[in-house]
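**Q** following is a predicted model, sequence given first.
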Amino acid sequence: MKSCWLWGLFCVLLGASTVYAQLSVEDALARLKDKQKGHPPTQPTTTATQPDAEAVVATTQKVTISDERYPNGELKSRYSVTAAGVKSGPYSLFTDDGKRVEHGMYRDGEREGTRQTFFANGKVKLQDNYRKGQRDGALIEYDEKGNILQSGDYKGGEPTHISEFKDGLPISDKTYVAGMLVYPRSTAMIVSELGRIEKMKIEMGKSAEPVPVHEGGNDSAKDRDEAVRLLMQYRYLSYVPYEGLSLDPVYCAHNEAAAGILSAIGKLSHTPPNPGWPADRYKFAFEGTSHSNVYMSGGNPAALCVQSVNAYMEDSDSSNIDRLGHRRWCLNPRMGKVGFASFKGYSSMWSFDGSRAETPDFDFISYPAAGYYPSTHFGTRNAWSVTVNEGKYARPSDKSVKVSVTPVKVQVTQNTIMPTGKALEFDYNGVNLAGFGISNCIIFRPVGVKTNPGTAYLVEITGLQARDGKPATIKYVVEFFKPAVG
């Protein structure tokens, strides 16, 4: 042990060994823009800056420099501690080969000011700020190459805004209010991604075996592709995997035959009778109807598949509201391939696919989903649904589950979520445990829902149980907005 006066201040004045530079979110975004213009991302400046007055006071107390070393003699940690043994002043942590992995400041036993952590190559990994022991101020995280992974702001230990990046591009833009993640994405981000999906090329996969000769057909290849894009948009909005969703040629053939047999019998059925077809062709069509969502309409035959996707997501008529099976197949997170076809007023969508190799560890899947939600993809009389992850929650019971939907005003700058009226009444409320894609669905339809821009509702579901038996609650805000056209 060795003792010194003003060691922390001395380190600051030396500059080279202690960095207190702060990087704001604006700096991070500016650097992101530079990268998009072809400029490489940069790390925070390594020029020492003068700490604030409180930090200087913290380092001018009489302190003892407390060192801990690895068995090989290399320095492991160095803290400034007061005579009472309280950390107060600068500190640094090192690897066993002498590389610094973290440094920052304490004041009276609590973190204060800027902290930085480092990769083995010396580049900054994380830079955040503290006040009275709580994260407070700007945060930014990098990968080993210096690319931004996330940036954000904290206040009093709680996040207020977090942006996440992948390959230099923003993938989420989270805003927190009153400690709750209210807006997982900004409206600008949602509109941008919906537009990108609209322009995506839809791939038709290849079949290992020749597609069997079958009855029926498909009235519009364009409609088929546009239906996949619309399905991808709904999946994106509900935070379900959507990238790479492709058409499968065998699925599409089954759907062509399914639409054909429904046209032949003149009605919808998942188990249609044989209208007199050869046995092999009937069996091929039956497999299509029994593994698919089916739809009929007298509308535009060139847009029947697109119409069907909207109908499947609505799914709120008296014969479907108790289970919302079509919607839940559309939002099945394991879906990686799909089939579509329309023929003579009938449409079919292959639903029984679970080919997606990786699925997120979701908490629940809801419609309309949490945060900003475009009114273009929701109807005021549509049922609301929350399907909980069976790996995280016990099976919900309609006897114990209670749901409320309350109109609210979200005030980001005031950090408040204020009720603007009483909880809405429901004209349907129930639980369905069947495995339509995923099981355990809570279904409710509030009366008097409005989708005017800025209209927001707080959804709260109580009476749930986590897998460990502890009580669980789901709470989120839905705020509708109208995407700008053009």
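**A** Thanks, I have it. Quick caveat, the model's predicted, so the values are computed rather than measured.

**Q** please count neighbours and contacts with C-alpha atoms only from this point.
**A** Will do.

**Q** all helices of this protein, in order?
**A** 7-14, 25-36, 53-59, 187-198, 221-237, 249-265, 279-290, 304-314, 325-330 (DSSP state H).

**Q** surely residue 475 and residue 460 touch.
**A** Yes: counting by C-alpha atoms under 8 Å, residue 460 is a contact partner of residue 475 at 4.4 Å.

**Q** what's the closest non-adjacent residue to the residue most central in space within the chain?
**A** Nearest to the geometric centre of the chain sits residue 239, at 4.9 Å (C-alpha atoms, centre = their mean). Distances taken as C-alpha to C-alpha, 6 or more residues apart in numbering put residue 365 closest to residue 239, at 7.4 Å, once the chain neighbours are dropped.

**Q** burial of the one you found, as a residue count?
**A** 23 (other C-alpha atoms under 10 Å).

**Q** so it touches residue 390, yeah?
**A** No: here residue 365 does not reach residue 390: they are 11.4 Å apart, not a contact under C-alpha under 8 Å.

**Q** which among the helices of the chain is found nearest to residue 344?
**A** helix 249-265 (6.3 Å; C-alpha to C-alpha).

**Q** return the alpha-carbon coordinates of that closest one using CSV.
**A** Coordinates of each C-alpha in helix 249-265 appear next as CSV, following Å, rounded to 0.1, in the frame of the first residue of the first chain:
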residue,chain,number,x,y,z
PRO,A,249,-43.3,-24.0,-54.9
VAL,A,250,-44.9,-27.1,-53.4
TYR,A,251,-46.9,-25.1,-50.9
CYS,A,252,-48.1,-22.8,-53.7
ALA,A,253,-49.1,-25.9,-55.7
HIS,A,254,-51.1,-27.2,-52.8
ASN,A,255,-52.8,-23.8,-52.5
GLU,A,256,-53.6,-23.8,-56.2
ALA,A,257,-55.3,-27.1,-55.9
ALA,A,258,-57.0,-26.0,-52.6
ALA,A,259,-58.5,-22.9,-54.3
GLY,A,260,-59.5,-25.1,-57.2
ILE,A,261,-61.4,-27.7,-55.1
LEU,A,262,-63.1,-24.9,-53.1
SER,A,263,-64.2,-23.4,-56.4
ALA,A,264,-65.5,-26.8,-57.5
ILE,A,265,-67.6,-27.3,-54.4
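
**Q** which strands or helices does it pack on?
**A** Packing contacts for helix 249-265, counted by 3 or more C-alpha pairs under 8 Å, 6 or more residues apart in numbering; DSSP states H and E, involve helix 279-290, strand 337-343, strand 346-350.

**Q** helix or strand with the lowest mean pLDDT in this structure?
**A** helix 7-14 (a mean of 35; mean pLDDT, DSSP states H and E).

**Q** which ones are touching the nearest residue to residue 393 once chain neighbours are set aside?
**A** If you skip the residues right next to it in sequence, residue 393 has residue 466 as its closest partner in space, 4.3 Å away by C-alpha to C-alpha, 6+ apart. If you count contacts by C-alpha atoms under 8 Å, 6 or more residues apart in numbering, residue 466 has them with 392-394, 472.
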